[in-house]
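Colleague: Provided below for reference: sequence and predicted model.
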Amino acid sequence: MLDLNEIEILRVALAHEERARAFYLRMAERHGGTVAGDLFVFLSREEEGHIRRLTSRYGIEEFEKKWEEKFLPYLIDLDRLASEEGLATQDTTGPEAVRRGLGIARKAESHAITFYAQSREIVEDKKTKALLAELEEEERNHLAKIEGYIADLPPAPL
C-alpha cells in the first residue's frame, strides 16, 4: 500500500507524468516521421495535458528533482529500462527499437494505472479522487493504443 498523503500522491503523479513525457518525447524524436513516432508524439502530448491538470487544478508546483529521492520507490525508472533494452543511444532505430520503446511505454502506462488505482483508495477529497480516476482511465486508453500498435508489428526476429 502507498505510504503517502494526498499532496505527496499528487507530486508522485506529477513526477511520473514528467518522466513519461520526457521518455515519449525522446522516442518521438528518434522515430520522427513514422507511425511509431506519431504515437510517441501523441503520448507525450497526453502526458503534458496530465501535467497541466495536476499543476493548475491543485496548485502542485512543477516537478522538482529534489522530490525524486523521497518518491523513488513509487516511480518507474524509464531511463534505466531504456538502457537495459539497449535504447540509451540516439543511434538505436528501426523496428526492434520501436518494439522495445513500446514495451517500455507499456510498463510506464501499466505502472501509472496501478498507482492511480491505489491512490484513489487513499485520498479523501472527491475532486482529487475524480481526477485520479480520469487519469487512470486515460492511461488505460494509452495502454490499449500501445498494445494495439505492438500487435500490428511484424514478428520479432528470432
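Modeller: Received it, and whenever you're ready, just let me know what you need.
Colleague: which stretches of this structure form helices?
Modeller: 6-30, 35-58, 67-71, 78-84, 95-122, 126-152 (DSSP state H).
Colleague: Now do the third one, average pLDDT.
Modeller: The average pLDDT within helix 67-71 is 58.
Colleague: Just say which of the helices of the chain is most tucked in.
Modeller: Mean neighbours per residue, mean count of other Cβ atoms under 10 Å, is largest over the helices of the chain for helix 6-30, with a mean of 21. To be clear about C-beta, it is placed using only N, CA and C from the backbone, and glycine gets the same treatment.
Colleague: Report the central residue of the chain.
Modeller: Closest residue to the average C-alpha location of the chain: residue 20 at 3.5 Å, with Cα atoms, centre = their mean.
Colleague: With just CA atoms, put stretch 133-141 into CSV.
Modeller: In CSV, the C-alpha atoms belonging to stretch 133-141 read as follows (Å, rounded to 0.1, in the frame of the first residue of the first chain):
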residue,chain,number,x,y,z
ALA,A,133,-10.0,8.2,-11.9
GLU,A,134,-9.8,10.3,-15.0
LEU,A,135,-6.0,9.9,-15.3
GLU,A,136,-6.3,6.2,-14.7
GLU,A,137,-8.8,5.8,-17.5
GLU,A,138,-6.7,7.9,-19.9
GLU,A,139,-3.7,5.8,-19.0
ARG,A,140,-5.8,2.7,-19.8
ASN,A,141,-6.6,4.2,-23.2
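Colleague: 12 is where my numbering starts, stick with that
Modeller: I'll keep to 12 as the first residue from here, and by that count the last item is stretch 144-152.
Colleague: which residues are in contact with that stretch?
Modeller: Stretch 144-152 has contacts (Cβ atoms under 8 Å, 6 or more residues apart in numbering) with 24, 57, 61, 64, 120, 123-124, 127-128, 131.
Colleague: Mean confidence (pLDDT) on stretch 51-59, please.
Modeller: When pLDDT is averaged along stretch 51-59, the result is 95.
Colleague: typo on my end, stretch 108-125
Modeller: Stretch 108-125 carries an average pLDDT of 88.
Colleague: gap between it and the chain center?
Modeller: How far stretch 108-125 lies from its chain's middle: 8 Å, per Cα atoms, centre = their mean, to the nearest Å.
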